[in-house]
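Asker: predicted model and sequence below, questions to follow.
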Amino acid sequence: MEQAGSLKKNDTIMINGHACKIASYAHSEPGKHGGSKVRFVTRHVFNPDKRVETFMPCHTMVEVPELVKHEMLCLKHATIIADTMALAASPSGDEAALAAVRFDGVCDEGHYKRVGLKPLTNAVAESIVTRMAKGDHVLIAVCTHGAHSAIMDARSAKVMSQVNSLKGPAAGAAATAAAGAEGGGSTAMSRKAQRKAKKAAKADAKAAKGTMSKTKAKGEAAEVKEAAVEAEVEA
């Protein structure tokens, strides 16, 4: 609970059972009709097209929603067919197709999953399908409050370590391998994997060099022994 008078722009407040984000507010000075009051202009967190105004005394205690936020790796939802995705990803961006798309999300190395997530707006949906069409691994910001949840924003993963931390190393590597096979090219490696491979290659080269040195030393020792035997025979 918070005092109404302490809330600012972009803070959240519960109004009529809905989580709302404050778009603007204005305080009125105390007068003959009582103490100072505050007027809030808000929008529903999970339906930003819905605008709500409310007016109350500044000392009123109001409920502030606890929004749970996760960054997740975005996956195609099982019920979304390829035609819908293609239509949504088209240059014109079909509004009905964008409104219909749903996505799944996974994080915490694959231990936490959400299915059927709805993008907050068509713009967010278009951002996701466009990035997926390019072959990007898409990271989504998911906000949840009670039974309500939505994808608030999306961005492309820059390195595979981000994907692995959300989906799990084994699953992330499999996804990358599959993407490489589909594209007919080689799979991308994270910087950490590249360093590991380089270190392993150096160790192998060092071991091979050591083996060659030992073999050469044995050969030289054999030659010396053979020369000594010949010298004894001649004597």
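Answerer: Here it is on my side, so go on.

Asker: for this protein, which segments count as helices?
Answerer: In the chain, the helices defined using DSSP state H lie at 82-88, 95-100, 122-133, 160-167, 169-183, 191-234.

Asker: how near is Ser36 to His77?
Answerer: Ser36 sits 49 Å away from His77, going by C-beta to C-beta, to the nearest Å. Using the backbone N, CA and C atoms, a C-beta is placed for each residue, glycine as well.

Asker: comparing the two, which residue is more hemmed in?
Answerer: A side-by-side neighbour count of Ser36 and His77, using other C-beta atoms under 10 Å, places His77 first with 16 against 13.

Asker: now that one: how far from Pro119?
Answerer: Taken as C-beta to C-beta, the span from His77 to Pro119 is 11 Å.

Asker: identify the contacts common to those two.
Answerer: The contact sets of His77 and Pro119 overlap at 101, 103 (C-beta atoms under 8 Å, 6 or more residues apart in numbering).

Asker: report the helix or strand with the lowest average pLDDT across this structure.
Answerer: Among the helices and strands of the chain, helix 169-183 carries the lowest confidence by mean pLDDT, DSSP states H and E, at a mean of 52.

Asker: contacting residues for the closest residue in space to His77 that isn't next to it in sequence?
Answerer: Nearest residue to His77, sequence neighbours excluded (C-beta to C-beta, 6 or more residues apart in numbering): Arg102, at 4.3 Å. Applying C-beta under 8 Å, 6+ apart to Arg102 gives the contacts 77, 79-80, 116-118.

Asker: Arg102 and Ala141, how far apart?
Answerer: In terms of C-beta to C-beta, Arg102 sits 16 Å off from Ala141.

Asker: and Pro65, how many residues sit next to it?
Answerer: With other C-beta under 10 Å as criterion, Pro65 counts 17.

Asker: I figured Ile15 was touching Arg51, is that so?
Answerer: No: if you go by C-beta atoms under 8 Å, Ile15 and Arg51 don't touch, sitting 11.0 Å apart.

Asker: would you enumerate the residues in contact with His77?
Answerer: Contact analysis of His77 by C-beta under 8 Å, 6+ apart lists 101-104, 115-117.

Asker: return the member of these nearest to Leu73.
Answerer: Sorting those by how near they are to Leu73, with C-beta to C-beta, puts Asp104 at the top with 9.2 Å.

Asker: excluding chain neighbours, what is closest to the closest one?
Answerer: That would be Leu75: by C-beta to C-beta, 6+ apart, it lies 4.3 Å from Asp104.

Asker: got the confidence number for Gly168?
Answerer: Per-residue pLDDT puts Gly168 at 81.

Asker: no, scratch that, I was asking about Ala99
Answerer: Per-residue confidence (pLDDT) for Ala99: 86.

Asker: ok, it to Ala154 distance?
Answerer: Counting by C-beta to C-beta - Ala99 and Ala154 are separated by 16 Å.

Asker: can you pull the contacts of Val41?
Answerer: With contacts defined as C-beta under 8 Å, 6+ apart, Val41 is in contact with 22-25, 51-53.

Asker: buried ones among these?
Answerer: Neighbour counting over these (16 or more other C-beta atoms under 10 Å) leaves 22, 25 as the buried ones.

Asker: could you identify the most distant pair in the contacts of Val41?
Answerer: Tyr25 and Arg51 (13.8 Å).

Asker: ok, how many other residues are close to His148?
Answerer: 16.

Asker: one more: Ile140?
Answerer: Using other C-beta under 10 Å, Ile140 has 27 neighbouring residues.
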